[in-house]
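**Student:** this one's structure only:
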């Protein structure tokens, strides 16, 4: 299959449209980093009978709202256009290769995942990376010990998915192999074949879920440890300003939120890598 259908080449084909929306994502993500800090400033200012912090927080909120709204209107239209063009080309190419209707149907469904990844996951990944880096810098400036604890959680998650990446890929391959046989199983009008197909499909689905659940358990053991460690360390180090304590805790919560989303994107990237190889055959 032509390289048009690989994720990277889809990006290059529509690079200007995608670059524009990613630019808005980056701006939105950078603005989001300052929320906990300005909330802490607003709390301290209010305790001093000042509204200056609230004014800055209002400006930040208005900018984020405007940029986020514009981006979402634009995203819907640009990615609908990308899917329309890439899916039509993919079906035409598959027909020329004399693929069966069942295979084309399954692969056209798989093709939607590339566009959905660009539309939904890439912005979240970019926002998460910017947030993780920005928050880490701010936490390091506020409390270096909490920063090292956050870094340890990052290394834990990276290690887990480096160790389980190949297994995840192979399970996705087996699942997609069975998915491509779905139309054929239904068209056979055989109750036995249909049951065998859906039983096999669910076995691979359960295996994928079990792997994800195991990783989830390990990751959240680290998350809970960080939850407990942070307030103990902040109070022990003598951070007594209410706004600053609140800001540090919010930054840690934000860091955890972004970091725990990354495994989902990693799993999706592994799945798309398998689909990319399948569509290139």
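**Tutor:** On my side now, so go ahead. What you see is a predicted model, and the numbers here were worked out from it, not measured in a lab. Residues are numbered from 1 along each chain as shown.
**Student:** Contacts only, for residue 23.
**Tutor:** Taking Cβ atoms under 8 Å, 6 or more residues apart in numbering, we find residue 23 in contact with no residue. Bear in mind the C-beta positions are built from the backbone N, C-alpha and C, glycine included.
**Student:** quick one: what helix or strand has it in it?
**Tutor:** helix 15-33 (DSSP states H and E).
**Student:** Can you give me the buried ones in that helix?
**Tutor:** Neighbour-count burial for helix 15-33 flags 17, 18, 21, 22, 24, 25, 27, 28, 29, 31, 32, 33 (criterion: 16 or more other Cβ atoms under 10 Å).
**Student:** try stretch 78-86
**Tutor:** In stretch 78-86, counting by 16+ other Cβ under 10 Å, buried: 78, 79, 82, 83, 86.
**Student:** Now do the same for residue 250: its pLDDT.
**Tutor:** At residue 250, the model reports a pLDDT of 87.
**Student:** measure the closest residue to it other than its chain neighbours to residue 138 for me?
**Tutor:** Ranked by Cβ to Cβ, 6 or more residues apart in numbering and with sequence neighbours excluded, the top spatial neighbour of residue 250 is residue 36, at 3.6 Å. To residue 138, residue 36 is 8 Å away according to Cβ to Cβ, to the nearest Å.
**Student:** Touching both of these two, which residues are there?
**Tutor:** By the contact definition Cβ under 8 Å, 6+ apart, residue 36 and residue 138 are jointly contacted by residue 251.
**Student:** where's the residue in the chain sticking out farthest from the centre, which helix or strand?
**Tutor:** Distance from the centre of the chain peaks at residue 49, with 40.8 Å (Cα atoms, centre = their mean). Assigned by DSSP H and E, residue 49 falls within no helix or strand.
**Student:** Run a quick neighbour tally on residue 126.
**Tutor:** 15 (other Cβ atoms under 10 Å).
**Student:** Am I right that it is in contact with residue 28?
**Tutor:** No. Here residue 126 lies out of contact with residue 28, judged by Cβ atoms under 8 Å, at a distance of 9.4 Å.
**Student:** Which pLDDT value goes with residue 28?
**Tutor:** Confidence score, pLDDT, at residue 28: 90.
**Student:** Tell me which residues touch it, please.
**Tutor:** Counted by Cβ under 8 Å, 6+ apart, residue 28 has contacts 64, 67, 68, 71, 127.
**Student:** Could you dump those residues into CSV and include pLDDT and neighbour count?
**Tutor:** As requested, the contacts of residue 28 are exported to CSV (pLDDT from 0 to 100; neighbours: other Cβ atoms under 10 Å):
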residue, pLDDT, neighbour count
64, 90, 18
67, 92, 15
68, 88, 16
71, 89, 19
127, 87, 19
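**Student:** Would you reformat the residues you listed as TSV and include distance to residue 273 and secondary structure?
**Tutor:** What follows is the contacts of residue 28, written out as TSV (distance: Cβ to Cβ, whole Å; DSSP: H, G, I helix; E, B strand; the rest coil):
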residue	distance to residue 273	secondary structure
64	33	helix
67	31	helix
68	30	helix
71	27	helix
127	22	helix
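**Student:** Relative to residue 159, which of those residues is nearest.
**Tutor:** The closest of the contacts of residue 28 to residue 159 turns out to be residue 127 (Cβ to Cβ; 23.5 Å).
**Student:** And the helices in the stretch 51-200 of the chain?
**Tutor:** For the stretch 51-200 of the chain, the helices defined by DSSP state H, counting those that start in this stretch occupy 52-96, 101-116, 122-142, 144-179, 182-187, 191-236.
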